[in-house]
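# Predicted coordinates and the sequence they were generated for:
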Amino acid sequence: VNGLMTLGFAGARQQTELCNESLMLEKLPACGKSFEEMMKKVDSRKWCNLTEFIMYYDNFTQCTEREANNASCFWPNPLAEGFITGIHKQFFSNCTSEKVHWEDPPDEILITLILIPVMLTCAMITLVVWCSKRSDIL
């Protein structure tokens, strides 16, 4: 068993050593160029709407994964993530998420939402105590 485990760990270490990062970094720009060509079909005002280009983005993601695997590298890896982040900055830097501004409800509603559970709890405690004292009738 120890021999098999040693072989397994050695195999995992060899696979890590076989990652050809330079080949991967050489091939990834082709994925970015292809994505850029596909994004030219989409109006730049719609670049923040994922439904407009989801298929193009899926192709881009599959391309980066394929090129990383062809170079015997894991995907995602820090180098591929850096490349993908660069593409995101190029195309989606103007897409900001609208932050939701949370506000407390008006005082009347807030007081009601607090008092209802408190009153129900008090009523249930009173009912349990009263029933426990009258157990002879029940």
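Happy to help now that I have it. Residues are numbered from 1 along each chain as shown.
# Tell me the confidence at Asp43?
Per-residue confidence (pLDDT) for Asp43: 90.
# Could you find the closest non-adjacent residue to it?
With sequence-adjacent residues excluded and distances taken as Cβ to Cβ, 6 or more residues apart in numbering, Asp43 is closest to Glu52, at 7.8 Å. Bear in mind the C-beta positions are built from the backbone N, C-alpha and C, glycine included.
# residue contacts, the one you found?
If you count contacts by Cβ atoms under 8 Å, 6 or more residues apart in numbering, Glu52 has them with Val42, Asp43, Lys46.
# Next one: it relative to Val128, how far apart?
Applying Cβ to Cβ, to the nearest Å, the value for Glu52 to Val128 is 59 Å.
# sorry, back to before: among the contacts of Glu52, which one lies nearest to Lys89?
Nearest to Lys89 among the contacts of Glu52, counting by Cβ to Cβ, is Val42 at 17.2 Å.
# In the longest helix belonging to the chain, which residues are buried?
Secondary structure of the chain per DSSP state H: the longest helix is helix 107-133. Neighbour counts over helix 107-133 (16 or more other Cβ atoms under 10 Å) mark no residue as buried.
# What mean pLDDT does that helix get?
Taken as a whole, helix 107-133 has a mean pLDDT of 94.
# cool, stretch 91-101 as well?
Stretch 91-101 carries an average pLDDT of 79.
# I am finished for the moment; much appreciated.
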